[in-house]
Each structure stands twice: as structure tokens, then as C-alpha cells.
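Novice: this one's structure only:
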């Protein structure tokens, strides 16, 4: 009996995943019957030619994918030819059996991690901060070293991941790399994202994190007291490079900007607010949350001081901000000059704005949260827990008010 065989590839746009990738199905038509099988490959619909059933372009990715699809097609055709030459029954099931267990690619953890990081790199400058991408680059190296250390291998199949893999990784981070609890949790959160990506793409069927719980340990955020901030502001610094860093640090103390945000500020970011005063309104680099900041006099003084700074003008920036590493290095020198024993970092300035400048002076936490660009007020509440001076001052005022009341006479 003669048979007709037609093999093609189709994409399922209706099943496009969150990454914008559609699954590619293998369609087999044998005589008047047909079936579709998963190729276990995905592609952006824009990169697919529906007329020829192949990926478009001449990139390495397109060539590799098309070669893989051709391989699947050839397997079916060869099986058809073999069955036909042996005069054996040819059915869709007999053709499907040829691909059973062979079309499923066994994905590895580092493959998916590298895929995730390469996609994240494309989004840097759009909806991903360079710092976030850098942290994931560090994270994949931690995993790579752990696999080598614990298993003596260069990679592991996703199917080999289990609860023990997660718990041993946690111990590895804490003991070998001396990571704190919160740093360990950050690495685990990164890994959890890769696992979720694998599950979403059906590369992994079970979640090794299912019975694992990791929570951040509450930490107190350091900040400068009013006395320390005043000392820093008034200290005469003769080295221009350190004076600039001190001024930018103080600017952040009065605005709450993080390093990445103040570094990106331009003169055009200054606008007139709803009250007719000068404001800076930006979307934060880290969270993309809207951050409206009314400019306090101390911040305006620093802006005016550097409005003609050659370095800032050359970069089109509001202030002459160096890299985070260099800024923090110079801040250590400034701490020595001023006698401040706290670890001066650019993020300490942001904490100081949240505590010493705003919350301690009675600014409502909802307002502070909005100015800091936090997505959730729970993030801001971390700062409110450390403002003991505000609690002390409020209670002292209450005691003073209560002391003016005369004690009640005893009733006989």
C-alpha cells in the first residue's frame, strides 16, 4: 500500500509564554491522518517564517535551530522509508515512536542561567539596572563553583536538582563563602527565579524549592545623627576631589537618592512642583518607582554650587558624580578626616534621609515611602524601627504635658 507523508513545523502563537516565545510543533500528515508533536523548542513569532516553517535570518541561533528541526524531519522520513522498505505497517504511532524520548532536550541548570542572563543583558538600560545584571553574573559563578565543589561536575541536569541540592548550596554559601544570612537568601532568590523560569518553559516538572523556606533576617539600617551630619557639612576639606564627594553625599542625605539615581540626574530633571517650589521627579533606577523629591535648601545650595562644574557639564549631569566604588573609597578618607566612626557609604546617605531628615522630624511614613520610590510601605518601615530618638523626644514631650496636670484628690 502506498502512503503519502507530509512533515512541517508550525508555531503556536496562542501559547506564547511570558518571554514572548512561542512553542514550535512538528506536524505529521500521513495519508488522511495527522498528529502534532512538541519539538521542545521555542521562538519569537517575529523570527519565524510561516511559509517555509523555519527560523528567519542567518544568525548562529537561527542556523542551529533550523538544523535541529531538519534533523527531526529527517528522522521521521528515515523511519518512514525503513518501514516502507520492510513492507511493515506505517502508522502515526510507528512514526511517533521514532521520536519518543529523542526530541526532548535535557536542559541543564547553567544553560538556563546563561540564557536568563543573556536575556537580562538585553534589557539593561530599559527595565533592568546594570547593578541587577552584574549581581546575576556573580550569582551564576557562585552556582558554577558550587557544582564543581559539591559534585565534581561542570553542570547538572535540571532533572537532577532536588531539595538536597538547595540545602547544600545554602550551607556552601554560608561556610565556604562566609555569606551572611541575607546575602545567602539573595543568592537563593536568584536561583529560585531560574527554577521558576525552567518550570514555566516546561523544562523542569517539579520544584526543588517546594519544601525549602528562606527569609531575610531583619537588619538595622545605619544612619548619621543630626550632630554627625552637621559635622560633615561644616568640615573644611581642602582636597577638591574629597570636597565634591562630601557635597554629593550631603546632597543625598537631603534628597534620599541612591548612587545610581544621583549619578543619572541631569539639570532637566529639576522641575516646578505643585507648590511652586523646585522639585526633582524621577523614576528610580532600581524599582522604576516614581520618586518625587521637593528640594530642601541644603540640596539647592549644592546644586547651585556645581551648576557650572566642567565635569558635570561635560557629562550633561546635574552633579559631578563618580562611580559607586570610587565614591565609597573617597568616603572612607572623609570619615578619617571628620572623625566619624560609622562606615560612610552612598547608601548610608539614603538611610540618613529616611531617618534623621524625614521620619525623625515627623514626616509621615507614607510621604517618606513615596519620596524614596518604594513599591511597598513595608520597605520603608525598616527605617521607622530604628528612629529611637524620635520616640524618646515624643515621650519626653508627652511627659511635660502630663506634668502640668494636678493629681486627682483621693476620694474618702
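Specialist: Good, I have the coordinates. Computed from a predicted structure; not experimentally measured.

Novice: remind me, longest strand of the chain?
Specialist: The longest strand of the chain (DSSP state E) is strand 33-43.

Novice: what residues are up against residue 54?
Specialist: Contacts of residue 54 were listed using Cβ atoms under 8 Å, 6 or more residues apart in numbering, and they are 9, 48, 66, 69. From N, CA and C alone the C-beta is placed, and that goes for glycine too.

Novice: Can you convert the residues you listed into JSON lines and add a column each for neighbour count?
Specialist: JSON lines is the format used below for the contacts of residue 54 (neighbours: other Cβ atoms under 10 Å):
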{"residue": "9", "neighbour count": "23"}
{"residue": "48", "neighbour count": "21"}
{"residue": "66", "neighbour count": "19"}
{"residue": "69", "neighbour count": "20"}
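
Novice: Looking at the residues you listed, spot the one nearest residue 333.
Specialist: residue 48 (57.1 Å; Cβ to Cβ).

Novice: and the most centrally placed residue in the chain, what helix or strand is that in?
Specialist: What sits nearest the mean C-alpha location of the chain, by Cα atoms, centre = their mean, is residue 132, with 4.6 Å. Secondary structure from DSSP states H and E places residue 132 in helix 130-151.

Novice: Show me what that helix is in contact with.
Specialist: Contacts of helix 130-151 (Cβ under 8 Å, 6+ apart): 109-110, 113-114, 116-117, 120-121, 124, 153-156, 168-169, 172-173, 176-177, 186-187, 190-191, 260, 285-286.

Novice: go on, stretch 214-226?
Specialist: Taking Cβ under 8 Å, 6+ apart as the rule, stretch 214-226 contacts 170, 180-182, 184-185, 188-189, 232, 253, 340, 342-343, 348, 351-352, 354-356, 360, 382-383, 385-386, 389.

Novice: from those, which ones fall inside helices?
Specialist: 170, 181-182, 184-185, 188-189, 232, 253, 348, 351-352, 382-383, 389 (DSSP state H).

Novice: tell me which of those is nearest to residue 269?
Specialist: residue 253 (18.3 Å).

Novice: Could you tell me the model confidence score at the closest one?
Specialist: Residue 253 carries a pLDDT value of 97.

Novice: how close does it sit to residue 159?
Specialist: Distance, residue 253 to residue 159, using Cβ to Cβ, to the nearest Å: 52 Å.

Novice: Of these two, which one has the most company?
Specialist: Legend: neighbour count by other Cβ atoms under 10 Å for residue 253 and residue 159, higher for residue 253 (25 against 13).

Novice: mind listing what the more buried one touches?
Specialist: 224, 229, 349, 352-353, 356-357.

Novice: and if you look at residue 328?
Specialist: 344-346.

Novice: Where neighbours are concerned, which of those has the most?
Specialist: Counting by other Cβ under 10 Å, top hit in the contacts of residue 328: residue 344 with 26 neighbours.

Novice: Residue 135: neighbour count?
Specialist: If we define neighbours as other Cβ under 10 Å, then residue 135 has 13 of them.

Novice: Relative to residue 11, how far out is it?
Specialist: 34 Å.

Novice: in this protein, what spans have low per-residue confidence?
Specialist: For the chain, the stretches with pLDDT under 70 are 1, 86, 97-105, 385-390, 404-412.

Novice: which stretches of it form strands?
Specialist: Under DSSP E, the chain gives strands at 5-11, 22-30, 33-43, 48-49, 54-55, 270-272, 278-283, 290-294.

Novice: returning to that earlier point: so which of the contacts of helix 130-151 are in helices?
Specialist: 109-110, 113-114, 116-117, 120-121, 168-169, 172-173, 186-187, 190-191, 260.

Novice: hmm, which of those residues are the buried ones?
Specialist: 109-110, 113, 116, 169, 172-173, 186-187, 190-191, 260 (16 or more other Cβ atoms under 10 Å).

Novice: gap between residue 350 and residue 216?
Specialist: 18 Å.

Novice: Of those two, which one has the most company?
Specialist: Using other Cβ under 10 Å, the more surrounded residue of residue 350 and residue 216 is residue 350, with 23 against 11.

Novice: Thought residue 260 was touching the more buried one, still the case?
Specialist: No. If you go by Cβ atoms under 8 Å, residue 350 and residue 260 don't touch, sitting 10.9 Å apart.

Novice: Next, the contact list for residue 114, please.
Specialist: Taking Cβ under 8 Å, 6+ apart, one finds residue 140 in contact with residue 114.

Novice: distance of it from residue 196?
Specialist: Applying Cβ to Cβ to residue 114 and residue 196 gives a distance of 16 Å.

Novice: for the helix ranked longest in the chain, the distance to its chain's centre please.
Specialist: The longest helix of the chain (DSSP H) is helix 60-85. What separates the centre of helix 60-85 from the centre of its chain is 40 Å, taken as Cα atoms, centre = their mean, to the nearest Å.

Novice: residues of it that come out buried?
Specialist: So, applying 16+ other Cβ under 10 Å, buried residues of helix 60-85: 62, 65-66, 68-69, 72-73, 75-76, 79-80, 83.

Novice: got it, and stretch 335-343?
Specialist: Neighbour count says stretch 335-343 has 335, 338, 340 buried, by 16+ other Cβ under 10 Å.

Novice: For residue 398, state which of those is nearest.
Specialist: Nearest member of those to residue 398, counting by Cβ to Cβ, is residue 340, at 32.1 Å.

Novice: Leaving out the residues flanking it, which one is nearest to that closest one?
Specialist: Once flanking residues are discounted, residue 340 sits nearest to residue 228: 5.6 Å by Cβ to Cβ, 6 or more residues apart in numbering.
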